[in-house]
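Undergrad: Make a model of this:
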Amino acid sequence: MKHIITALALALAGAGAHAHGDHAASAPAAVRKEQKPWGVAGERRAAQRTVNIAMSDDMRFTPSRIEVRQGETIRLVMRNTGAVLHELVIGTQKELEAHAAQMLKFPGMEHDEPYMAHVKPGQTGEIVWTFNRAGEFDFACLIAGHFQAGMRGKFIVRAH
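TA: Purely as a prediction, here's the structure:
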């Protein structure tokens, strides 16, 4: 429900959806800096490197394992090489499993957070994230059925 309310609030405020759609078509909206167990939204100008990720209709991310240094800000650029919509959502395994179950029940559910990006076929999406906590964190496509088909990956965040 929080995701629906957030998306509705952004739409009513007239803000462009930073994590969704074709970024070339709109200016990014202000990013909420909410601390999550896996980090916090980062500033593009602070990104120390870019990691390109391919999203494909064989329900895979390439690469599916990404190593990061604690405190590093990464610009993730996802390219959807397939013919269907994909997304990348960062989170804990538990949160991603719960969200994936919700998406199966409500496949049209809208959501928009700085740690997720929807990417249309042939398009690119972007997330800028600061991994300020060490540990292993997950990412996945939560489009109905994609998570269950194995469209998942892992961030390994190494302590200083």
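
Undergrad: Start from the N-terminal end of the protein and give the helices.
TA: 2-13, 93-105 (DSSP state H).

Undergrad: Comparing those, which yields the minimum mean pLDDT?
TA: If you rank the helices of the chain by mean pLDDT, helix 2-13 sits at the bottom with a mean of 35.

Undergrad: residue closest to the middle of the protein?
TA: Against the mean C-alpha coordinate of the chain, by CA atoms, centre = their mean, the closest residue is Met116 at 2.5 Å.

Undergrad: burial count for Lys105?
TA: 8 (other CB atoms under 10 Å). C-beta coordinates here come from the backbone N, C-alpha and C atoms, glycine included.

Undergrad: Check the gap between it and Glu113 for me.
TA: 19 Å (CB to CB, to the nearest Å).

Undergrad: Which residues does Glu126 form beta bridges with?
TA: Under DSSP bridges, the beta-bridge partners of Glu126 are Val77.

Undergrad: so it makes contact with Leu88?
TA: No. The pair Glu126 / Leu88 is not scored as a contact, 9.9 Å apart, by CB atoms under 8 Å.

Undergrad: So for the two, which sits in the more crowded spot?
TA: Leu88 (25 against 18).

Undergrad: Tell me who's in contact with that one.
TA: 53, 55, 61, 76, 78, 116-117, 119, 125, 127, 139-141 (CB atoms under 8 Å, 6 or more residues apart in numbering).

Undergrad: mind redoing it with 7 Å?
TA: Counting by CB atoms under 7 Å, 6 or more residues apart in numbering, Leu88 touches 53, 55, 76, 78, 116-117, 127, 139, 141.

Undergrad: same thing with Gln48?
TA: Applying CB under 7 Å, 6+ apart, the residues contacting Gln48 are 72-73.
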